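Enquirer: This is a predicted model, with the sequence first.
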There are 2 protein chains.
Amino acid sequence: MTLIPHRTVASQLAVQLRGELTKGTWRGWLPSERVLSRTLQASRNTVRAALEQLKADGLIEPVRGLGNRVVGAMHPAPTHDQAKTVGVLIPEPIGRLRPLIALWIDELKDLLIEEGYRLRIHEGRHYYQANPARALERLIGQHPHSAWVLTLSSEAMQRWFVRRGAPCLVAGSTYPEVTLPHYDLDYRAICRHAAGVLLRLGHRRLALLNRESRRAGDVDSERGFLEAVRHSTHPDATADIAYHRDDVESVARALRSLLDRKNPPTALVVSNSYAYLSTACLLAQRGRRVPQDISLISRDDDPFLGSLVPAPTRYRVDPHTFAKKMLGLLLQVLKRTPALRSPALLLPKFTAGGSTCAPARGED
Amino acid sequence: MTLIPHRTVASQLAVQLRGELTKGTWRGWLPSERVLSRTLQASRNTVRAALEQLKADGLIEPVRGLGNRVVGAMHPAPTHDQAKTVGVLIPEPIGRLRPLIALWIDELKDLLIEEGYRLRIHEGRHYYQANPARALERLIGQHPHSAWVLTLSSEAMQRWFVRRGAPCLVAGSTYPEVTLPHYDLDYRAICRHAAGVLLRLGHRRLALLNRESRRAGDVDSERGFLEAVRHSTHPDATADIAYHRDDVESVARALRSLLDRKNPPTALVVSNSYAYLSTACLLAQRGRRVPQDISLISRDDDPFLGSLVPAPTRYRVDPHTFAKKMLGLLLQVLKRTPALRSPALLLPKFTAGGSTCAPARGED
DNA sequence: AGCACTGGTTCGATTATTGGACCAGCGGGC
DNA sequence: GCCCGCTGGTCCAATAATCGAACCAGTGCT
């Protein structure tokens, strides 16, 4: 069972027109768009969408007032002999990524196969370093993929892809003035909401346990978190931020720095589900009970969180939804559809768990 | 220039499905509409619209509660050009399996693609029920894969495949007298070793927290665990076994039954890393510290265990190694190499963590 | 009885497509 | 010059297809 790869009318027309072109049906100029729209039985807008793809392939060149000029003299489909592959950049072995990320990458891989593309995973810390130009240049030189997917991307990486102009899609948020197409969870809204939940429960000293080398999404998280506290109706509400590096040691350090204060926070929002795991364990070691002594919210979701006691209050994401959306955007990148608008961010579903409650009396 | 007659997705699907039907892909029953909608990447409504057309043609006959019956007996010999695909059976959505399992399945998928095979995942509890004959018969009728991979397989499932003679490979251990090719971790050796480690540390009251509906590997685990205690040089050593069902509730129940005894165990071996997670949390809730009050060993490995504090003493597995081995065996099954001997089991690497230590004084 | 599966049905939200309208550039005929 | 009719470029509102989710009723397994 194979899927029909491009099932929109526009793409069907594009395939058909490409066939006619390579067959040499038209020389010099294509029939006018209005004529095509009549003979192909499709609206002019749809025909134009198809022509757009041919233009992206360099097969035709529209001239205003004259028509669409046939420019490539019967290349036997220059896009076809190119290996139809997509590269994914990840910083760590897939087994060490969060399971949820592995899941949507896996799903995207399957979806792409149905579309006739192969997905290749490229793992390496050096692509994520401060100056990744050399590593990236070498990478895309060695692997002529049709497009790239950037996960957990750094600012330098995003800017390099903008500069280089290589077709790519950011799985995550983009930094200011980076115009790459992207898709992500709405971390700003999530953290704003999380802080709001905690404030409503009565907490006044909140803290966010965030990643140290902040990706765009982490920056947004901070923004949302601080917004919620700042604009709250409680002038005595405070927001602290501590940083970890995704490893147990640094989470322990960050947690200690928060708890050893004179007025330690009574509620934490944790920004990585592995870090949440570490946090829960470390709190238990210190004898602090969740949620009686301190409330926890996990910004990120992962299947294993369901096995924790108490169940973490968190924001659930369906990897399938994410993968489908990524596929749609990726196909736009691959077909070079020009009007590529980055869609609205995904707002995950808030799931109240047992890890949050009102703060203890006298604490506040 | 020819027009494409039916350009709606529904009509495309109808054409496609008609092709599959006349090719004789499915005998008896079509895959359920929900499954079709997933594999065809279309909504169920759309699939139903397509099926409506087939019904109008008299090719299928929907039966409420059962499925869509293939009514015309097309070709009696559909096996001539068998698609090169492999089916994998899993009991739960891949996102709910343990990450390690998802990882090796994923890797196997990649490896198979290089060999020219596609790997399809079939998820369903009903394949794992006490009498799965109907479900399995229907499954392999609907999906004529070249071979099947059975994960987390039940005894009934294994015996059905033996009886049916369908080419298959068991990812896991086989039950007595089941002669299917298989590959697994050496759970017997693992649990024997784990018990030995705990005994050497000075523990005398050991317990194994095992799965209730025991798969072959779990049975082996018990055997190894009991062997070690029984054959130890400490006549006062005891071995308890409690059962869980992989969910938090049942783990809590099992744990309570162990700890509420007059002489509760001082060391636990836990047989599923999700259950280990629950166990660690529940112990913390009861105020029992790990490892001072009770030692823990995780029989199974998973990436997230690395974020726990203290780090679980466990047996590490490389999913890559496992997948490679599975590929080799699978290729033998696919090519029907006659002398298919199941290889030696995989013995994972013991990794001492912080979750084990000598028992507290006076306890013993 | 309860559960998990099947097809049957409906709903609203989203998306693709339509069929217009209008603009600006080009060429030919007046 | 001017107008007219052609070209592609852009936008918009109405429509249709599609999606995703919910619910029902029938079936079989536990």
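Expert: Good, I have the coordinates.
Enquirer: Using the record's assignment, carve chain A into domains.
Expert: A:9-70, A:85-185+A:320-334, A:187-316 (automatic domain parsing).
Enquirer: for these, which one ends up most surrounded?
Expert: Scoring these by mean neighbour count under mean count of other Cβ atoms under 10 Å in any protein chain shown gives domain A:187-316 as the most buried, with a mean of 20. To be clear about C-beta, it is placed using only N, CA and C from the backbone, and glycine gets the same treatment.
Enquirer: can you tell me if it touches DNA strand D.
Expert: No: using Cβ under 7 Å from any atom of the strand, domain A:187-316 stays clear of DNA strand D, with a minimum separation of 11.7 Å.
Enquirer: anything in that domain near chain B?
Expert: Yes: for domain A:187-316, a contact with chain B is found by Cβ under 8 Å from any Cβ of the partner chain, at A:248, A:252, A:274-275, A:277-278, A:280-282, A:284-285, A:289, A:302-304, A:306-311.
Enquirer: got the domains of chain A as a markdown table, with mean pLDDT and distance to B:Leu100 columns?
Expert: Formatted as a markdown table, those follow (pLDDT from 0 to 100; distance: least, Cβ to Cβ, whole Å):
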| stretch | mean pLDDT | distance to B:Leu100 |
| --- | --- | --- |
| domain A:9-70 | 86 | 39 |
| domain A:85-185+A:320-334 | 91 | 8 |
| domain A:187-316 | 95 | 11 |
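Enquirer: need the ones you listed in CSV with distance to B:Ala83, can you?
Expert: Formatted as CSV, these follow (distance: least, Cβ to Cβ, whole Å):
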stretch, distance to B:Ala83
domain A:9-70, 24
domain A:85-185+A:320-334, 14
domain A:187-316, 31
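Enquirer: ok, A:Ile297 - contacts?
Expert: With contacts defined as Cβ atoms under 8 Å, 6 or more residues apart in numbering or on different chains, A:Ile297 is in contact with A:194, A:197-198, A:267-270, A:312-314, A:355-356.
Enquirer: what ranges do the strands span in chain A?
Expert: Applying DSSP state E to chain A gives strands spanning A:60-63, A:67-70, A:85-90, A:118-123, A:147-151, A:168-171, A:182-183, A:205-211, A:238-244, A:267-270, A:295-298, A:313-316, A:349-351.
Enquirer: what are the C-alpha coordinates of the third one, in CSV please?
Expert: When you say that, I think you mean strand A:85-90. What follows is strand A:85-90, C-alpha atoms only, in CSV (Å, rounded to 0.1, in the frame of the first residue of the first chain):
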residue,chain,number,x,y,z
THR,A,85,16.1,12.7,1.6
VAL,A,86,15.6,15.0,4.6
GLY,A,87,18.2,15.5,7.3
VAL,A,88,17.4,16.0,11.0
LEU,A,89,19.9,17.5,13.3
ILE,A,90,20.0,16.4,16.9
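Enquirer: Can it be said to contact chain B?
Expert: No: with Cβ under 8 Å from any Cβ as the criterion, chain B is not reached by strand A:85-90; the gap is at least 11.9 Å.
Enquirer: Any chance of the strands of chain A in TSV with distance to B:Gly58 as columns?
Expert: Rendered in TSV, the data for the strands of chain A read as follows (distance: least, Cβ to Cβ, whole Å):
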stretch	distance to B:Gly58
strand A:60-63	45
strand A:67-70	46
strand A:85-90	43
strand A:118-123	40
strand A:147-151	45
strand A:168-171	46
strand A:182-183	45
strand A:205-211	61
strand A:238-244	64
strand A:267-270	59
strand A:295-298	54
strand A:313-316	45
strand A:349-351	44
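Enquirer: wait, which of those strands is closest to B:Ala147?
Expert: Across the strands of chain A, the minimum distance to B:Ala147, taken as Cβ to Cβ, is reached by strand A:118-123, at 22.2 Å.
Enquirer: quick check: angle from that closest one to strand A:147-151?
Expert: Computed by axes from the mean of the first three to the mean of the last three Cα atoms, to 10 degrees, the angle separating strand A:118-123 from strand A:147-151 equals 40 degrees.
Enquirer: which helices and strands does strand A:118-123 pack with?
Expert: Packing partners of strand A:118-123 (3 or more Cβ pairs under 8 Å, 6 or more residues apart in numbering or on different chains; DSSP states H and E): strand A:85-90, helix A:99-114.
Enquirer: re earlier: out of the strands of chain A, nearest to A:Thr46?
Expert: Closest approach to A:Thr46 among those (Cβ to Cβ): strand A:67-70, 15.1 Å.
Enquirer: With distance to DNA strand C added, can I get the helices and strands packed on strand A:118-123 in CSV?
Expert: As requested, the helices and strands packed on strand A:118-123 are exported to CSV (distance: least, Cβ to the nearest atom of the strand, whole Å):
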stretch, distance to DNA strand C
strand A:85-90, 19
helix A:99-114, 15
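Enquirer: Show me how far stretch A:95-112 is from its chain's centre.
Expert: Distance of stretch A:95-112 from the chain centroid (Cα atoms, centre = their mean, to the nearest Å) equals 12 Å.
Enquirer: what about it and DNA strand D, any contact?
Expert: No: contact between stretch A:95-112 and DNA strand D is absent, the nearest approach being 11.4 Å (criterion: Cβ under 7 Å from any atom of the strand).
Enquirer: Could I have the CA atoms of that stretch written out in CSV?
Expert: C-alpha atoms of stretch A:95-112 as CSV (Å, rounded to 0.1, in the frame of the first residue of the first chain):
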residue,chain,number,x,y,z
GLY,A,95,18.2,7.3,22.8
ARG,A,96,19.2,10.1,25.1
LEU,A,97,16.8,12.6,23.7
ARG,A,98,13.5,12.9,25.5
PRO,A,99,11.2,10.1,24.4
LEU,A,100,8.6,12.5,23.2
ILE,A,101,11.1,14.0,20.7
ALA,A,102,12.2,10.6,19.6
LEU,A,103,8.5,9.7,19.0
TRP,A,104,7.7,12.6,16.8
ILE,A,105,10.9,12.2,14.8
ASP,A,106,10.0,8.6,14.4
GLU,A,107,6.5,9.4,13.2
LEU,A,108,7.8,12.1,10.9
LYS,A,109,10.1,9.5,9.4
ASP,A,110,7.2,7.2,8.7
LEU,A,111,5.1,10.0,7.2
LEU,A,112,8.0,11.1,5.0
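Enquirer: Identify all contacting residues around that stretch.
Expert: Applying Cβ under 8 Å, 6+ apart, the contact partners of stretch A:95-112 are A:86, A:88, A:90, A:94, A:118-119, A:121, A:149, A:151-152, A:272-274, A:300-304, A:317, A:319-320, A:322-324, A:326-327, A:330, B:41, B:94-95, B:99-100, B:102-103, B:106, B:109, B:303-304, B:319.
Enquirer: Noted, bye for now.
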